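Chemist: Need coordinates for the following:
(chains A and B)
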Amino acid sequence: MVNIIWAFLAIIGIVYAMFNGTMDEVNKAIFESADEAVTLSIGLISVLVFWLGIMKIAEEAGILKALAKLFRPIVVRLFPEVPKDHPAIGYILSNITANIFGLGNAATPMGIKAMEQMKQLSGTDEASRSMITFLAINTSSLTLIPTTVIAIRMQYDSVSPTEIVGTTIIATIISTLSAILIDRLFYYRSTWRK
Amino acid sequence: MVFISQVSIWIIPLFIMLVLLVATWKKVPSYELFVEGGKEGVKMAFSLLPFLVGMIVAIAIFRSSGALDAIIGLISPVLLFLGVPPEIVPLALVKPISGSAALGVTTELIATHGPDSFIGRLASTMQGSTDTTLYILTVYFGAVGIRKMGYALKVGLLADLIGIIAAIVIVTLVFG
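Modeler: All right, here's what the predicted structure looks like:
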């Protein structure tokens, strides 16, 4: 699936550029965006190193397990494949908490760690049920404070930069709930087929 | 709201303090563990690099050729028919594909229509309420080497669609 999407994004773009006369822009974009992607990855190093360092301590000190215990009832329902006391639950919770507080920087490393743990559980290179559920929750971004948006609104002299927080929270809750629901529907559909 | 934004500022330092206090109390070698975990972070960042370069370049080709704008032009009438304000259509379509492009569109919409206009508020809400599905997919599955992603993309995109509709409905109800 991703192979097709990836290849076709580029193929369609290049073919379109032939007829649209934008080959020059495409040529420029290829190298500029590659550069941008490297800068982005390098920029991630600091955050990944710091948070994975802290989370390693948290894991060894038993904090992730304690966190997992606290929220077990909800998370176990969302991720029935993951054993109750597994560190994956702790990482999933840390990721969700970081997202809720708008700490995208901290959320990503914990999310990757959670994925890694879930991959160890499934032992294949195929996305497991819990991995997809986790991804769905992340793509719908459960945020309380959209910090970037507020910053932009302030820049453009909004009378009330934070007035959109309420609508954002409601929209994000709806999109996250529907993500979980859609994920369930697809899962049950895939089990019926087998 | 003030409370929530205060919590956001305090939570990271407090969390770090808690982790270090518990680690010291339990006699866990905190500094050594930090370094050990940090090493994983370096590896992770480098293993992510090719995934991000690949995806971001493909999206850049698609965008810079004008193909993205053309598709937006094609889909716009359908969305208009469904009651989506035309100004917001590019943002709705770009949001799941490219985070930086979406941020650019949001900024532009706020700049032209004003942050306190209906479009400005709608763009702000949409920008904050969903994340870039393709980026999340690339980073999370890329980092751990998932090759078969099953129905993950479909779920992500459908949730985006519902999030966008939800944003339009709510902003219309609250500010309309």
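Chemist: Could you use CA atoms for every contact and neighbour count after this?
Modeler: Will do.
Chemist: Next, the contact list for the nearest residue to residue B:129 once chain neighbours are set aside, please.
Modeler: Nearest residue to residue B:129, sequence neighbours excluded (Cα to Cα, 6 or more residues apart in numbering or on different chains): residue A:172, at 4.5 Å. Residues in contact with residue A:172 (Cα atoms under 8 Å, 6 or more residues apart in numbering or on different chains) are A:140, A:141, A:142, A:143, B:128, B:129, B:130, B:163.
Chemist: can you rerun that using 7 Å?
Modeler: A:140, A:141, A:142, A:143, B:129, B:130, B:163 (Cα atoms under 7 Å, 6 or more residues apart in numbering or on different chains).
Chemist: Kindly reformat these as JSON lines containing distance to residue A:120, neighbour count and pLDDT.
Modeler: Putting these into JSON lines (distance: Cα to Cα, whole Å; neighbours: other Cα atoms under 10 Å in any protein chain shown; pLDDT from 0 to 100) gives the following:
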{"residue": "A:140", "distance to residue A:120": "25", "neighbour count": "34", "pLDDT": "83"}
{"residue": "A:141", "distance to residue A:120": "25", "neighbour count": "25", "pLDDT": "76"}
{"residue": "A:142", "distance to residue A:120": "26", "neighbour count": "30", "pLDDT": "76"}
{"residue": "A:143", "distance to residue A:120": "28", "neighbour count": "29", "pLDDT": "74"}
{"residue": "B:129", "distance to residue A:120": "31", "neighbour count": "31", "pLDDT": "83"}
{"residue": "B:130", "distance to residue A:120": "28", "neighbour count": "31", "pLDDT": "82"}
{"residue": "B:163", "distance to residue A:120": "32", "neighbour count": "30", "pLDDT": "90"}
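Chemist: how about the residues you listed, which pair is most distant?
Modeler: A:143 and B:163 (12.8 Å; Cα to Cα).
Chemist: in chain A, which helix or strand is least confident?
Modeler: helix A:63-70 (a mean of 77; mean pLDDT, DSSP states H and E).
Chemist: pLDDT on the strand or helix carrying residue B:71, on average?
Modeler: Using DSSP states H and E, residue B:71 falls within helix B:67-81. Averaged across helix B:67-81, pLDDT comes to 84.
Chemist: Ok, stretch A:92-108 next?
Modeler: For stretch A:92-108, the mean pLDDT works out to 78.
Chemist: For residue B:157, list the residues it contacts.
Modeler: Contacts of residue B:157 by Cα under 7 Å, 6+ apart are B:96, B:133.
Chemist: What's the separation between the residue nearest to residue B:129 and residue A:59?
Modeler: Using Cα to Cα, to the nearest Å, we find residue A:172 at a distance of 29 Å from residue A:59.
Chemist: again with residue A:3
Modeler: Distance from residue A:3 to residue A:59, by Cα to Cα: 35 Å.
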